[in-house]
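S.K.: Fold the following and give me the result.
(chains A and B)
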Amino acid sequence: MIRALFTSQSGMQAQQLVLDVIANNLSNANTAGFKRARVDFQDLLYRTFPTPGTLQAQGITVPTGIQVGHGTRPVATQRMFGQGDFLQTENPLDLTIEDTGFFQVTRADGTTAYTRAGSFKKDGTGRVVTADGFLLQPNITIPADATNVSVGTDGTVSVTIPGQSAAQQIGSIQLARFVNPGGLISVGRGLYLPTQAAGDPIVGNPGVDGMGSLAQGYLEMSNVKVVEEMVAMITSQRAYEANSKAIQTADEMLGMANNMRR
Amino acid sequence: MIHTLPTGMQVHWRRHEVLANNLANVSTAGYKQDDLVVAGEGTPPSEVGFQMVGMTPIGMHSVSQWTDFSPGPIRETGRAMDIALDGTGFFAVQTPEGVRYTRAGGFTMDRDGFLSTPSGHRVLGAGGPISVRSTRFEVSTKGEVQDDGRVVDTLRIVDFPKPYRLQKQGDGLFAPVDAAAVPSDATDVQVMSGSLEGSNVDPVRTMVSMIEMLRSYESAQRAIQSADETERRANEMGRA
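M.R.: All right, here's what the predicted structure looks like:
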């Protein structure tokens, strides 16, 4: 008898998780390079009463047995890697990847992480770092006396040094892509770490072999669409409510059963 | 007499369990709603998609199960591995128990690079599991899987003779009850990559069914109470 209560409980927990994910999406609506997430669900096991065979009823063969499900379970939070809008900043170190690819950065512990957030800065020694101070890979150091930094769509970084007529190439930015970016795990600060599910990173130059190209002076905004999240929030809230009504109903039924003995 | 009555309450409990499962799965992609019908008390669902998928006696009652195979709402997601079927048919997936069928098209990739369901069952194409090697994964409306612009396989999309003799296996999967039921290639179907079929649970219908169920349950309970009352009075007769 209590099965119905657990079933509805799984439904309420599912919607709670949906709300958690929506809340995180909404709070990152203005985070550069943020990719929204979605929860995927599957139905749980079914119990069959009694075991199936077939029988004849009203001239047609029907399987015997009815199936009672046990609710739902979250199977994945799927990150949606659709492109976010571009925001023009005119900051020379704001870079956007058009289409596929990730910037590679070195974390404090020396491991490589991947990010779409292209708001880079210069540290005290002229190295290009993320807002959190993680080094861009491959490292690029901008000379102290450089007056103009330009990044080509193919990732070539060149600077103009006073007194020299020609621009000087100081390095080139490489990107990484994954066969299954959905398999990356998110570790906060806009960074992703590779997993077996994502596959090995494929490193290459921007704009070739399916890698996205770079746009300088633009920042990729979050791909969260506030209206979409709001609608999802309303649906989820109502679904939560519906499941709580199912619990109420089950409770009422148990009450009636208990009240039979006066 | 009183011993035959509680099964009346039991069948309604079963129905509530089934309805509660519908509500728990309002957000489950590709989920198909169920209902139970108690012969003599309720009428079979009148909506087109409902098909009888099972039947069992509970006490004196004959209970039949109905599953609504009508499509759920198709929503655009922009993710290439979200694949919806517009029309009748099922995706075929490989499980340890054999080939199973599903309408839940929110696919992903397993660690070996094969297209799979979120619980790790590989999706089958004409040539077996589909291996994905590049980030340019696309599926045409005919189900041709393109990897880096090259057609590598065609999704295996099948249909069964109607009425469907399919039972749910959890994880969004269906299995034919009769092993002899041979799936044939689906003809009336379009594959929509970048879209996802939602759950077809109708919350209003489920809520109304729940109210109806609760009232039937209540009258079954009253019947037991009045049977109890009758027997009590019968026992008191001698004392007057």
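S.K.: okay, now residue 163: neighbour count?
M.R.: No chain specified, so I'll use chain A. Neighbours of A:G163 under the rule other C-beta atoms under 10 Å in any protein chain shown: 6. Quick note: C-beta positions are derived from backbone N, CA and C, even for glycine.
S.K.: right idea, wrong chain: chain B
M.R.: 15.
S.K.: so who does the residue nearest to it when sequence neighbours are not counted touch?
M.R.: Nearest in space to B:P163, with sequence neighbours left out and distances taken as C-beta to C-beta, 6 or more residues apart in numbering or on different chains, is B:Q51 at 4.3 Å. For B:Q51, the contact set (C-beta atoms under 8 Å, 6 or more residues apart in numbering or on different chains) comprises B:66-69, B:162-164.
S.K.: Could you dump those into a markdown table and include secondary structure and pLDDT?
M.R.: Listed next are these as a markdown table, based on DSSP: H, G, I helix; E, B strand; the rest coil; pLDDT from 0 to 100:
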| residue | secondary structure | pLDDT |
| --- | --- | --- |
| B:W66 | strand | 93 |
| B:T67 | strand | 94 |
| B:D68 | strand | 95 |
| B:F69 | coil | 95 |
| B:K162 | coil | 82 |
| B:P163 | coil | 82 |
| B:Y164 | coil | 86 |
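S.K.: Which strands or helices does the helix or strand hosting A:D251 pack on?
M.R.: According to DSSP states H and E, A:D251 maps onto helix A:226-259. Applying 3 or more C-beta pairs under 8 Å, 6 or more residues apart in numbering or on different chains; DSSP states H and E, one finds that helix A:226-259 contacts helix A:3-27, helix B:6-24, helix B:203-236.
S.K.: Where does pLDDT dip in the chain?
M.R.: Defaulting to chain A. Scanning chain A for pLDDT under 70 picks out the ranges A:1, A:51-64, A:262.
S.K.: I was thinking of chain B, sorry if that wasn't clear
M.R.: B:1-5, B:179-180, B:238-240.
S.K.: Return the residues in contact with whichever residue of chain B sits closest to chain A.
M.R.: Relative to chain A, the nearest point of chain B is B:A24 (3.1 Å; C-beta to the nearest C-beta). By C-beta under 8 Å, 6+ apart, the contact set of B:A24 is A:7-8, A:10-11, A:14, A:69, A:71-72, A:243, A:246.
S.K.: rewinding a little: tell me the buried residues in the helix holding A:D251?
M.R.: Residues A:229, A:232-233, A:235-236, A:239-240, A:242-247, A:249-250, A:253, A:256-257 are the ones in helix A:226-259 that count as buried (16 or more other C-beta atoms under 10 Å in any protein chain shown).
S.K.: tell me, what residue is most central in chain B?
M.R.: B:K32 (3.6 Å; C-alpha atoms, centre = their mean).
S.K.: what about residue 126, how many residues close to it?
M.R.: I'll assume chain A. 14.
S.K.: I was after chain B.
M.R.: 13.
S.K.: so it touches B:V152, yeah?
M.R.: No. Counting by C-beta atoms under 8 Å, B:A126 does not reach B:V152; the two are 10.5 Å apart.
S.K.: my guess is A:F34 meets A:G84, correct?
M.R.: Yes. With contact defined as C-beta under 8 Å, A:F34 and A:G84 form a contacting pair (7.4 Å).
S.K.: Pull up the overlap in contacts between these two.
M.R.: A:222-223.
S.K.: any idea how far A:V151 is from the closest residue to A:E90 other than its chain neighbours?
M.R.: What sits nearest to A:E90 in space, not counting adjacent residues and going by C-beta to C-beta, 6+ apart, is A:G217, at 5.0 Å. Counting by C-beta to C-beta, to the nearest Å, the separation of A:G217 from A:V151 is 9 Å.
S.K.: residues shared between the contacts of the two?
M.R.: A:P92.
S.K.: More neighbours: those two, which one.
M.R.: A direct count of neighbours by other C-beta under 10 Å for A:G217 and A:V151 places A:V151 higher, at 25 against 17.
S.K.: Tell me which residues touch the closest residue to that one other than its chain neighbours, please.
M.R.: If the residues on either side of it in the chain are set aside, A:V151 comes closest to A:Q216, at 4.3 Å by C-beta to C-beta, 6+ apart. By C-beta under 8 Å, 6+ apart, the contact set of A:Q216 is A:92, A:94-95, A:150-152.
S.K.: Now the buried members of the residues you listed.
M.R.: Burial by neighbour count, judged by 16+ other C-beta under 10 Å, picks out A:92, A:94-95, A:151-152 from those.
S.K.: Closest one of those to chain B?
M.R.: So of these, ranked by how close each gets to chain B (C-beta to the nearest C-beta), first place is A:L95, at 19.6 Å.
S.K.: Let me know the helix or strand that the closest one is in.
M.R.: For A:L95, the enclosing helix or strand under DSSP H and E is strand A:95-98.
S.K.: and what of B:S64?
M.R.: Counting by DSSP H and E, the element that carries B:S64 is strand B:61-68.
S.K.: which strands and helices sit next to that strand?
M.R.: strand A:66-69, helix B:6-24, strand B:34-38, strand B:50-58.
S.K.: give me that answer again for 6 Å
M.R.: Using 3 or more C-beta pairs under 6 Å, 6 or more residues apart in numbering or on different chains; DSSP states H and E, the elements in contact with strand B:61-68 are strand B:34-38, strand B:50-58.
S.K.: Using PDB, write down the CA coordinates of that strand.
M.R.: Provided in PDB are the C-alpha atoms of strand B:61-68 (Å, rounded to 0.1, in the frame of the first residue of the first chain):
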ATOM      1  CA  HIS B  61     -12.800  -8.000 -10.100                       C
ATOM      2  CA  SER B  62     -11.300  -8.200 -13.500                       C
ATOM      3  CA  VAL B  63      -8.800  -5.400 -13.900                       C
ATOM      4  CA  SER B  64      -7.400  -4.400 -17.300                       C
ATOM      5  CA  GLN B  65      -4.400  -2.100 -17.900                       C
ATOM      6  CA  TRP B  66      -4.300   0.500 -20.600                       C
ATOM      7  CA  THR B  67      -1.300   2.400 -22.000                       C
ATOM      8  CA  ASP B  68      -1.700   5.500 -24.000                       C
END
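S.K.: is stretch A:197-206 anywhere near chain B?
M.R.: Yes. Residues of stretch A:197-206 contacting chain B under C-beta under 6 Å from any C-beta of the partner chain: A:A197.
S.K.: brain fart, stretch A:3-18
M.R.: Yes. Using C-beta under 6 Å from any C-beta, stretch A:3-18 reaches chain B at A:3-4, A:7-8, A:10-11.
S.K.: how about that stretch as PDB, C-alpha atoms only?
M.R.: C-alpha atoms of stretch A:3-18 as PDB (Å, rounded to 0.1, in the frame of the first residue of the first chain):
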ATOM      1  CA  ARG A   3       4.200   2.000  -2.800                       C
ATOM      2  CA  ALA A   4       2.000   4.900  -4.000                       C
ATOM      3  CA  LEU A   5       3.600   7.100  -1.400                       C
ATOM      4  CA  PHE A   6       7.100   6.300  -2.400                       C
ATOM      5  CA  THR A   7       6.200   6.700  -6.100                       C
ATOM      6  CA  SER A   8       4.900  10.200  -5.500                       C
ATOM      7  CA  GLN A   9       7.800  11.000  -3.300                       C
ATOM      8  CA  SER A  10      10.200  10.100  -6.200                       C
ATOM      9  CA  GLY A  11       8.100  12.500  -8.300                       C
ATOM     10  CA  MET A  12       8.400  15.300  -5.800                       C
ATOM     11  CA  GLN A  13      12.100  14.800  -5.400                       C
ATOM     12  CA  ALA A  14      12.500  14.800  -9.200                       C
ATOM     13  CA  GLN A  15      10.800  18.200  -9.500                       C
ATOM     14  CA  GLN A  16      12.900  19.500  -6.600                       C
ATOM     15  CA  LEU A  17      16.000  18.600  -8.600                       C
ATOM     16  CA  VAL A  18      14.600  20.300 -11.600                       C
END
